[in-house]
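> Compute the structure for the input listed below.
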Amino acid sequence: MPRDYLHQTAPTRFTESTRARFAYRTFGVQVKTPLIFLQHYTGTTDNWDPVLTNYLAQKRSVILFDNAGIGRSTGTTPDTIGAMARDAVSFIRSLDLPLVDLFEFSIGGMVAQEIAVQSPEVVRRLILAGSAAQGGENISDISDQAKEILFRPNATFEERILDLFFFTQSNKPGRRKGLASSHRGT
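All right, here's what the predicted structure looks like:
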């Protein structure tokens, strides 16, 4: 795959909608139906693992984006899954994409499912990787351990991500792998 098509070298672009100015990156093989990634809680375009995104970009057009009020995107950060889905659909429409596939992780899965309910005409396929249905039993309960990590004073963003998603506090090899999987760690 040429360097121009890598996650790490794709330029950040912007598109306007009535809801926000969305930051996004697109790379990979241009096909009719792109694969849009929907990120986890606190995640931005920089938090996807380039090993995964670059692998999928060998045969797909990949689009990473920051939803409204997140990362480099403007607008108000939504406080409901429904609002996140509306903003994501606004992003999809701002690119004049008639049909997309959605790949998600964590809260992105709830958003993807809501997009499919709100605007089924734009969704061809959902790929749910590590998610639950919105409103599922105990889904809104955040464990005490997760709260401690999220609200730990003086912790860096990277430390929080590593501890939330890689459980690395006592696992040095896990911490190295967590760093290697992040865009910052490459």
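
> Tell me which helix or strand in the chain has the weakest average pLDDT.
Counting by mean pLDDT, DSSP states H and E, the chain has its least confident helix or strand at helix 172-181, which shows a mean of 68.

> Please identify the buried residues of stretch 58-76?
Buried residues in stretch 58-76, counting neighbours by 16 or more other C-beta atoms under 10 Å, are found at 60-71, 73, 75. Bear in mind the C-beta positions are built from the backbone N, C-alpha and C, glycine included.

> so for stretch 67-86, what's the average pLDDT?
Confidence over stretch 67-86 (mean pLDDT, whole number) is 91.

> The buried residues of stretch 58-76 in strands, which ones?
When the buried residues of stretch 58-76 are checked against strands (DSSP state E), the matches are S61, V62, I63, L64, F65, D66.

> The last one and V111: what is the separation?
This means D66. Applying C-beta to C-beta, to the nearest Å, one obtains 13 Å for the distance of D66 from V111.

> how far away is E104 from Q30?
As defined by C-beta to C-beta, E104 lies at a distance of 22 Å from Q30.

> and these two? which has more neighbours close in?
Relative neighbour count places E104 above the other of E104 and Q30, with 23 against 10, counting by other C-beta atoms under 10 Å.

> what comes up buried for whatever helix or strand that one lives in?
Taking DSSP states H and E as the definition, E104 sits inside strand 100-105. Residues of strand 100-105 classed as buried under the neighbour-count rule (16+ other C-beta under 10 Å) are V100, D101, L102, F103, E104, F105.

> Stretch 109-129 too?
Quick answer for stretch 109-129 (16+ other C-beta under 10 Å): 109-116, 119, 122-123, 126-128.

> now do stretch 7-26
Of the residues in stretch 7-26, those buried (16+ other C-beta under 10 Å) are H7, A10, T15, S17, R19, A20, F22, A23, Y24, R25, T26.

> about what we covered before: so which elements touch the strand holding E104?
Identification of packing neighbours for strand 100-105 by 3 or more C-beta pairs under 8 Å, 6 or more residues apart in numbering; DSSP states H and E yields strand 35-38, helix 107-118, strand 123-129.

> Out of the ones you listed, which is closest to D96?
Nearest to D96 among these is strand 35-38 (13.5 Å), distances taken as C-beta to C-beta.

> so R152 sits right up against A146, yeah?
No - here R152 does not reach A146: they are 10.8 Å apart, not a contact under C-beta atoms under 8 Å.

> ok, now which ones touch G130?
Shown in contact with G130 (C-beta atoms under 8 Å, 6 or more residues apart in numbering): F105, S106, G109.

> likewise F14?
For F14, the contact set (C-beta under 8 Å, 6+ apart) comprises R21, F22, A23, Y24, R72.

> What pairs with the host helix or strand of it, parallel or antiparallel?
Secondary-structure element containing F14, defined by DSSP H and E: strand 13-16. The pairing partners recorded for strand 13-16 under DSSP bridges are strand 21-28 (antiparallel).
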